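# next comes the sequence, and after it the predicted model I'd like to discuss.
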Amino acid sequence: ARTTNICKFNIGTELRMAFGSALRQAVDKDPDRFDRNQILKDTHEPVKEAARYVLRNLKGT
């Protein structure tokens with residue numbers, strides 16, 4: 001990016017894919033669980049990891 005003058009990166013798709021996958025896994029893990037707050041807590045770490053992955057790749061390390 002530094003050498004090509006790219007100014008913007010869209011990482012939303014990557015994060016939405018991580019969220020969707022984690023959400024499916026959380027629901028599949030316990031289909032009887034109904035509390036959306038508990039279900040959504042299971043999505044936090046995978047989305048954070050996806051963001052870290054993208055940011056590391058943008059940095060080039």
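All right, it came through fine.
# give me the three-state assignment for Phe9.
coil (DSSP: H, G, I helix; E, B strand; the rest coil).
# nearest residue to it in space, please, no chain neighbours.
Once flanking residues are discounted, Phe9 sits nearest to Leu58: 6.1 Å by Cβ to Cβ, 6 or more residues apart in numbering. C-beta: built from backbone N, CA, C; applies to glycine.
# tell me which element the one you found falls in.
Using DSSP states H and E, Leu58 maps to helix 36-59.
# can you give me the offset of that helix from its chain's centre?
4 Å (Cα atoms, centre = their mean, to the nearest Å).
# now that helix: average pLDDT?
In this model, helix 36-59 has a mean pLDDT of 93.
# and that helix, what does it pack onto?
helix 12-29 (3 or more Cβ pairs under 8 Å, 6 or more residues apart in numbering; DSSP states H and E).
# other SSEs contacting the helix it packs on?
Short answer (3+ Cβ pairs under 8 Å, 6+ apart): helix 12-29 packs on helix 36-59.
# ok, the residue nearest the centre of the chain - contacts?
The residue lying closest to the centre of the chain (Cα atoms, centre = their mean) is Val47, at 2.7 Å. By Cβ atoms under 8 Å, 6 or more residues apart in numbering, the contact list for Val47 reads 15, 18-19, 22.
# relative to Thr4, how far out is it?
Val47 sits 28 Å away from Thr4, going by Cβ to Cβ, to the nearest Å.
# shouldn't Ile39 be in contact with Pro31?
No: the pair Ile39 / Pro31 is not scored as a contact, 10.5 Å apart, by Cβ atoms under 8 Å.
# helix/strand/coil for Phe34?
Following three-state DSSP, we place Phe34 in the coil state.
# check contacts around it.
Counting by Cβ under 8 Å, 6+ apart, Phe34 makes contact with nothing.
# ok, the contacts of Val47 vs Thr43, which is closest?
Taking Cβ to Cβ as the measure, Thr43 sits nearest to Ala22 out of the contacts of Val47, at 4.1 Å.
# follow-up on the earlier one: format the contacts of Val47 as CSV; extra columns: distance to Arg52, neighbour count and pLDDT.
Listed next are these as CSV, based on distance: Cβ to Cβ, whole Å; neighbours: other Cβ atoms under 10 Å; pLDDT from 0 to 100:
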residue, distance to Arg52, neighbour count, pLDDT
Leu15, 11, 16, 96
Ala18, 11, 20, 97
Phe19, 14, 16, 98
Ala22, 14, 20, 98
